[in-house]
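**Student:** test case, fold it:
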Amino acid sequence: MSFQSIPSVDLHDYTQGNAGQKAAFVQKLGDSFSRIGFAIVSNHGVAPEVIEGAYAAFQSFFALPDAVKAKYEIDGLAGQRGYTSKGKEHAKGRNVGDLKEFYHIGQIVEGDDPIRAEYPENIFPEEVPDFEQYGVQLYQSLQASGRQLLRAIAEYLGLPVDYFDAKIHHGNSILRPIHYFPIENPDAVPEGAVRAAEHEDINLITLLIGASADGLQVLNAEGQWIDAKPAPHQIVINVGDMLQRLTNNRLKSTTHRVVNPPREKMAEPRYSVPFFLHPRSEMSLACLDSCVDAAHPKAYPDITAGGYLEERLREIGLRK
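**Tutor:** Numbers count the residues shown, from 1 in each chain. Below is the predicted model:
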């Protein structure tokens, strides 16, 4: 899993390309996920005006006074909808909260799908009228892009191309606008606190809309931290623990972090918007038979996506 840079792929090759372009995309994305767990994607299908509108709305919300934002932090939801205040979340195995605050937008269930009963209603701030419109548009656009990426991964794994389609339909995916707030007094930062401590994601795949500042780093096999620097028109994608479990470690959920800026830049904010693509809770994460053999014995006990999510929410401090 050694690497010094993160490969780039063009989703247009898969969605609009000829047979050769599609096959090459599948191979390059699968190889990158197998070796690195990350890739950078261009022509991802999310309209620039949606990204720009969403960023403007999210920044307007985070600029509100803490007392106003606190109205949208609802006890009992484990942070799954609405606002989560500064320092509440920490990486697995750590007790120091990350230097961030964030907001969660969840699945919009259409029709009479009974899974609606599993999800809390979304909460939108009345102080920022565009928040709901652009948040929902961005959620749905990234969900559509994620579906195409998972179709390519299914082909790479030798599964039917639509293997993931029903499993992610109305899945428990989360859009998370994040504000890494300015640090006016670096000396007052708790010891060991960083913007996002080293961690792996919980879900199937993550799609990250380009951040407003540097800081995202990915760990390679030599223990070196490699900067992930997409161009403004690109997104970063990575494998989550659920997909790693499903593939019996064939696809890698790689450790990553967001480091603090140099001291002279700590008073500058950073914004980013990851989309955590989750399946429906009943999806089995049992290792695929095709990924288990004598050289690669089954590494994980069977569990559902819902059961695994509950375990991880407790580990990172959101579920008590």
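**Student:** quick check: S284 touching Y300?
**Tutor:** No. With contact defined as C-beta atoms under 8 Å, S284 does not reach Y300; the gap is 11.4 Å. Yep, even glycine has a C-beta here, placed from its N, CA and C like the rest.
**Student:** so which bits of the longest helix seen in the chain are buried?
**Tutor:** Secondary structure assigned by DSSP state H gives helix 130-156 as the longest helix of the chain. Burial within helix 130-156, assessed by neighbour count using 16 or more other C-beta atoms under 10 Å, is assigned to 131-132, 134-139, 141-143, 145-156.
**Student:** helices and strands around whatever helix or strand comes next after that helix, which ones?
**Tutor:** As assigned by DSSP states H and E, the chain's next helix or strand after helix 130-156 is helix 165-168. Helix 165-168 sits against helix 130-156, with contacts defined as 3 or more C-beta pairs under 8 Å, 6 or more residues apart in numbering; DSSP states H and E.
**Student:** can you check the pLDDT for A117?
**Tutor:** Note for A117: predicted pLDDT of 94.
**Student:** what's around it, how many residues?
**Tutor:** 7 (other C-beta atoms under 10 Å).
**Student:** for it, what are its contacts?
**Tutor:** Contacts here follow C-beta atoms under 8 Å, 6 or more residues apart in numbering; on that basis A117 touches nothing.
**Student:** you'd agree it is in a helix?
**Tutor:** Yes. According to DSSP: H, G, I helix; E, B strand; the rest coil, the state of A117 is that of a helix.
**Student:** quick one: it from Y139, how far?
**Tutor:** Separation of A117 from Y139 (C-beta to C-beta, to the nearest Å) stands at 20 Å.
**Student:** tell me where the model's unsure across this protein.
**Tutor:** 1-2, 87-97, 186-192, 194, 211-213, 316-320 (pLDDT under 70).
**Student:** could you pick out the longest strand of it?
**Tutor:** Assignment by DSSP state E gives strand 270-277 as the longest strand of the chain.
**Student:** chain center to that strand, what's the gap?
**Tutor:** Distance, stretch centre to chain centre, for strand 270-277: 6 Å (C-alpha atoms, centre = their mean, to the nearest Å).
**Student:** check which element follows that strand along the chain.
**Tutor:** Next in sequence after strand 270-277, counting helices and strands by DSSP H and E, comes helix 305-315.
**Student:** and the contacts of that following helix?
**Tutor:** Outside helix 305-315, the residues that touch it by C-beta under 8 Å, 6+ apart are 78-79, 92-93, 118, 172, 202, 241-242, 245, 278-285, 319-320.
**Student:** same question for stretch 240-254.
**Tutor:** Residues contacting stretch 240-254 (C-beta under 8 Å, 6+ apart): 1, 30, 33-38, 153, 157, 200-206, 218-219, 238-239, 276-279, 285-288, 291-292, 296, 298-300, 303, 305, 308, 312.
**Student:** keeping just the C-alphas, turn that stretch into PDB.
**Tutor:** What follows is stretch 240-254, C-alpha atoms only, in PDB (Å, rounded to 0.1, in the frame of the first residue of the first chain):
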ATOM      1  CA  GLY A 240     -14.800   3.200   4.200                       C
ATOM      2  CA  ASP A 241     -14.600   0.400   6.700                       C
ATOM      3  CA  MET A 242     -17.900  -1.200   5.500                       C
ATOM      4  CA  LEU A 243     -16.500  -1.700   2.000                       C
ATOM      5  CA  GLN A 244     -13.200  -3.000   3.500                       C
ATOM      6  CA  ARG A 245     -15.100  -5.500   5.600                       C
ATOM      7  CA  LEU A 246     -17.300  -6.600   2.700                       C
ATOM      8  CA  THR A 247     -14.300  -7.200   0.500                       C
ATOM      9  CA  ASN A 248     -12.300  -8.900   3.200                       C
ATOM     10  CA  ASN A 249      -9.600  -6.200   3.100                       C
ATOM     11  CA  ARG A 250      -9.200  -6.400  -0.700                       C
ATOM     12  CA  LEU A 251     -10.200  -2.800  -0.900                       C
ATOM     13  CA  LYS A 252      -8.400  -0.600   1.700                       C
ATOM     14  CA  SER A 253     -10.000   1.800   4.300                       C
ATOM     15  CA  THR A 254      -6.900   3.900   4.700                       C
END
